[in-house]
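S.K.: this is a predicted model, with the sequence first.
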Amino acid sequence: MKAAEIRELSVAEIETQLTEDRHELLNLRFQTITGQLTDTSRIRVTRRDIARMETILREKKAAEMAEENEA
């Protein structure tokens, strides 16, 4: 998922997607251990998507806190 696509989502939607991607990463790790995973690059892509979502989520929450402090 691209950063621009993630920025369009709400905080709740990002958190939901983050949970789904973490679950997918867990499944990919199991598939790797059992030898079922043929495309190992999916692990790398999923890890980067998770990191990208966590970063944008933290930015959004920091922006919300800044707005609350200004008010």
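M.R.: Cool, the structure landed. As the structure is a prediction and not an experimental result, all values here were calculated from the model.

S.K.: for the biggest helix by length in the chain, packing partners?
M.R.: If you go by DSSP state H, the chain has its longest helix at helix 41-70. With contacts taken as 3 or more Cβ pairs under 8 Å, 6 or more residues apart in numbering; DSSP states H and E, helix 41-70 sits against helix 3-8, helix 11-34. Bear in mind the C-beta positions are built from the backbone N, C-alpha and C, glycine included.

S.K.: tell me the buried residues in that helix?
M.R.: For helix 41-70, a neighbour-count test (16 or more other Cβ atoms under 10 Å) marks 43, 46, 49-50, 52-53, 56-57, 60 as buried.

S.K.: including distance to residue 22 and pLDDT, could those go into JSON lines?
M.R.: JSON lines is the format used below for these (distance: Cβ to Cβ, whole Å; pLDDT from 0 to 100):
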{"residue": "43", "distance to residue 22": "12", "pLDDT": "97"}
{"residue": "46", "distance to residue 22": "9", "pLDDT": "97"}
{"residue": "49", "distance to residue 22": "10", "pLDDT": "97"}
{"residue": "50", "distance to residue 22": "6", "pLDDT": "97"}
{"residue": "52", "distance to residue 22": "13", "pLDDT": "97"}
{"residue": "53", "distance to residue 22": "10", "pLDDT": "97"}
{"residue": "56", "distance to residue 22": "15", "pLDDT": "97"}
{"residue": "57", "distance to residue 22": "13", "pLDDT": "96"}
{"residue": "60", "distance to residue 22": "18", "pLDDT": "95"}
